[in-house]
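# Using only what follows, build the 3D model:
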Amino acid sequence: MLTKLAQGYLLLQGIVFFGLGVWFLIEPITMASAIGLIPESPAGFTELRAVYGGLEIALGIFLVVTGCRANWSEIGLWLLLSCYGGITTGRIIGILLDQPDDIFTLELLSFEAGSLLIAILLVFGKKRSS
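Okay, here's the model as predicted:
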């Protein structure tokens, strides 16, 4: 049961990463504006397409693959734990240092911290059931 839950979670996260990556690749201005990034040069747009587009697409594909293969799900969960651990830590530090005054930053933190918590529960839940 826990393996199926982990696989479903990996598939869902993979689709989210892939979808956001494609969106950033195609519409970097729209997506960047939504999160407060304003590229000032063609190099800035290329950076958005590469990191927020290409990297997220690659992560999405990897997560979908690990979600489709029960014996790979632990690898995918560790990847999610690492990614969301880093993103959540960076966002908390950014909030403390930069003190953004928008609600969207807190909404992103909630999603990322929640995703991290689910990844932690699934990683260590799978280890206990093994």
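# L37: what secondary structure?
At L37 the chain is in coil, as set by DSSP: H, G, I helix; E, B strand; the rest coil.
# That one: how many residues sit nearby?
If you count neighbours by other Cβ atoms under 10 Å, L37 ends up with 14. C-beta coordinates here come from the backbone N, C-alpha and C atoms, glycine included.
# Hmm, it is touching F45, no?
No. Applying Cβ atoms under 8 Å, one finds L37 not in contact with F45, separated by 10.4 Å.
# How far does whichever helix or strand A6 is part of sit from its chain's centre?
Assigned by DSSP states H and E, A6 falls within helix 2-26. Distance, stretch centre to chain centre, for helix 2-26: 8 Å (Cα atoms, centre = their mean, to the nearest Å).
# Identify each buried residue in that helix, please.
6-7, 9-11, 13-14, 16-18, 20-21, 23-25 (16 or more other Cβ atoms under 10 Å).
# One more: stretch 69-78?
Those would be 73-74, 76-77, for stretch 69-78 by 16+ other Cβ under 10 Å.
# Can you pull the poorly scored residue ranges out of this structure?
Flagging of the chain using pLDDT under 70 yields the residue ranges 127, 129-130.
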